[in-house]
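A.B. asks: Got a predicted structure here, sequence first:
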Amino acid sequence: MFFYELREGDDDIFADVILVREEEMDADSFFELVQSIRLQVQDRFDQDTLIEAIAEELERDYGFVAVSDDRLSASVNVSRIDGDNYLAELDPDQGDEDLPDYRGIFVELPRDDARPN
């Protein structure tokens, strides 16, 4: 299996999609393929992000598989604290319906090194 990544965003916020393929494609060929698909879909896609639209094309026409949460068989929360270890619900219809549907955002905050500990 060979793994590929599509990234979208800037220094402050980004999203990524991991793709898997049984046959290797060199990095330059992958880049050229992604760019050609980007030009085809960038002005007309229904997915939330451009990279999801490109990933869908790669999956449908080029033998890639996009690794996404909807393909998970199991999800386990792992912690040093025993009570924080659990098997997470994957099917929102079986779990708490009040849980929000969200996407994560990582924010790097500046450190205040002058502040005493």
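C.D. replies: Good, I have the coordinates.

A.B. asks: helices and strands around the longest helix seen in the chain, which ones?
C.D. replies: Secondary structure assigned by DSSP state H gives helix 27-41 as the longest helix of the chain. On a contact count with 3 or more C-beta pairs under 8 Å, 6 or more residues apart in numbering; DSSP states H and E, helix 27-41 meets helix 50-62. Backbone N, C-alpha and C define where each C-beta goes, glycine included.

A.B. asks: Low-confidence regions, this protein specifically.
C.D. replies: Scanning the chain with the threshold set as pLDDT under 70 gives 11, 91-109, 112-117.

A.B. asks: who's in contact with the longest helix of the chain?
C.D. replies: Tyr4, Leu6, Met25, Leu50, Ala53, Ile54, Glu57, Leu58, Tyr62 (C-beta atoms under 8 Å, 6 or more residues apart in numbering).

A.B. asks: Please indicate which of those are buried?
C.D. replies: Tyr4, Leu6, Met25, Leu50, Ala53, Ile54, Glu57, Leu58 (16 or more other C-beta atoms under 10 Å).

A.B. asks: quick one: buried residues of the longest helix of the chain?
C.D. replies: Going by 16+ other C-beta under 10 Å, helix 27-41 has these buried residues: Phe30, Leu33, Val34, Ile37.

A.B. asks: Among the residues you listed, pick out the one closest to Pro110, please.
C.D. replies: Checking those against Pro110 by C-beta to C-beta gives Val34 as the nearest, at 33.4 Å.

A.B. asks: The closest one and Ala66: what is the separation?
C.D. replies: Per C-beta to C-beta, to the nearest Å, Val34 is found 13 Å from Ala66.

A.B. asks: what residues do the two have in common as contacts?
C.D. replies: Leu58.

A.B. asks: helix/strand/coil for the most centrally placed residue in the chain?
C.D. replies: Centroid check for the chain by C-alpha atoms, centre = their mean gives Val17 as the closest residue, at 3.8 Å. Taken by DSSP: H, G, I helix; E, B strand; the rest coil, the conformation at Val17 corresponds to strand.
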